[in-house]
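Student: What follows is a predicted protein model with its sequence.
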Amino acid sequence: MSKLPKLGIMGSGSGSNCQSIYDAIQSGELQAEIAVVMSDNPDAYILERAKAWGVPVEVINCDGFKTKFPEECQAAVGARMKEYGVDLICLAGFMRLVKQPLLNAYPDRILNIHPSLLPNFPGLHAWAQAVEAKALESGCTVHYVDAGMDTGPILGQAVVPVLPDDTAESLHARIQVQEHLLYPAIIKKVLNELV
């Protein structure tokens, strides 16, 4: 690709993984640009981060559904991503299940980062699940998104030991440190393979 590949980032919360992607771009570690940041939560801090960088932001209209991601909304997101020229979609704390038609619009071009060593502890609050299960280790996983919940092909993982005195919060904080290293590195690898 002669031009920089364009990333579309989708998140629902504070956007710390989005920040790590932006920082990797700014440092020159990741050769890409963030074309747009979208959120299903109009109050999400991820949108404030993007605005501060001068990156376009959009709020995803989910027709009033709290957790569902209606097909027509996914089709609209896919169309908008195409309008921005997005090459790769990166989910960064996006809390809705992506299915068709967004997967059809971006086949093998949607990544997610999940705070566990998949296939262990899919779904919400994976760090709390790890502590409750008395797991010896946890971590994070970057994977391609498919129609299941955290079931797509795994691209990379980072291991974090679960300490005897860990709380869900302390484990989550240590997992996030690894997320912020792993996600930009895997995005770089995937983009290199798209060339």
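Tutor: Alright, I've got the coordinates.

Student: need the contact list for residue 98.
Tutor: Counting by CB atoms under 8 Å, 6 or more residues apart in numbering, residue 98 makes contact with 69, 74, 91, 110, 145, 147. To be clear about C-beta, it is placed using only N, CA and C from the backbone, and glycine gets the same treatment.

Student: need the strands for the protein, in chain order.
Tutor: Counting by DSSP state E, the chain has strands at residues 6-11, 33-39, 57-59, 88-91, 110-114, 137-144, 154-161.

Student: mean confidence for the shortest one?
Tutor: For strand 57-59, mean pLDDT rounds to 98.

Student: where's that strand relative to the chain centroid, distance-wise?
Tutor: In terms of CA atoms, centre = their mean, to the nearest Å, the gap separating the centre of strand 57-59 from the centre of its chain is 16 Å.

Student: got the contact list for it?
Tutor: Counting by CB under 8 Å, 6+ apart, 36, 37, 38, 39, 40, 41, 42, 47, 50, 51, 80 sit against strand 57-59.

Student: Show the pLDDT at residue 3.
Tutor: So, for residue 3, pLDDT stands at 89.

Student: same question, residue 184
Tutor: Listed pLDDT for residue 184 reads 98.

Student: Count the neighbours of it for me.
Tutor: Burial of residue 184 is recorded as 23 neighbouring residues (other CB atoms under 10 Å).

Student: Could you pull up the residues touching it?
Tutor: Neighbours of residue 184 in contact, by CB under 8 Å, 6+ apart: 20, 21, 23, 24, 29, 30.

Student: pLDDT weak spots in this structure?
Tutor: Applying pLDDT under 70 to the chain picks out residues 1-2, 195.

Student: just checking, residue 29 touches residue 187?
Tutor: No - if you go by CB atoms under 8 Å, residue 29 and residue 187 don't touch, sitting 10.2 Å apart.

Student: who has more neighbours, these two?
Tutor: Shown here are residue 29 and residue 187; by other CB under 10 Å, residue 187 has more neighbours (24 against 11).

Student: pretty sure that one contacts residue 32?
Tutor: Yes - the pair residue 187 / residue 32 is scored as a contact, 7.1 Å apart, by CB under 8 Å.

Student: Find residues that contact each of the two.
Tutor: Joint contacts of residue 187 and residue 32 (CB under 8 Å, 6+ apart) are 7, 88.

Student: By neighbours, which of the contacts of strand 57-59 wins?
Tutor: Using other CB under 10 Å as the neighbour criterion, residue 37 leads the contacts of strand 57-59 with 28 neighbours.

Student: Leaving out sequence neighbours, find the closest residue to that residue.
Tutor: Leaving aside its sequence neighbours, residue 37 sits nearest to residue 50 (CB to CB, 6 or more residues apart in numbering; 3.7 Å).

Student: just residue 145 next, same as before
Tutor: The shortest distance from residue 145 to any non-neighbouring residue, by CB to CB, 6+ apart, is to residue 110 (4.1 Å).
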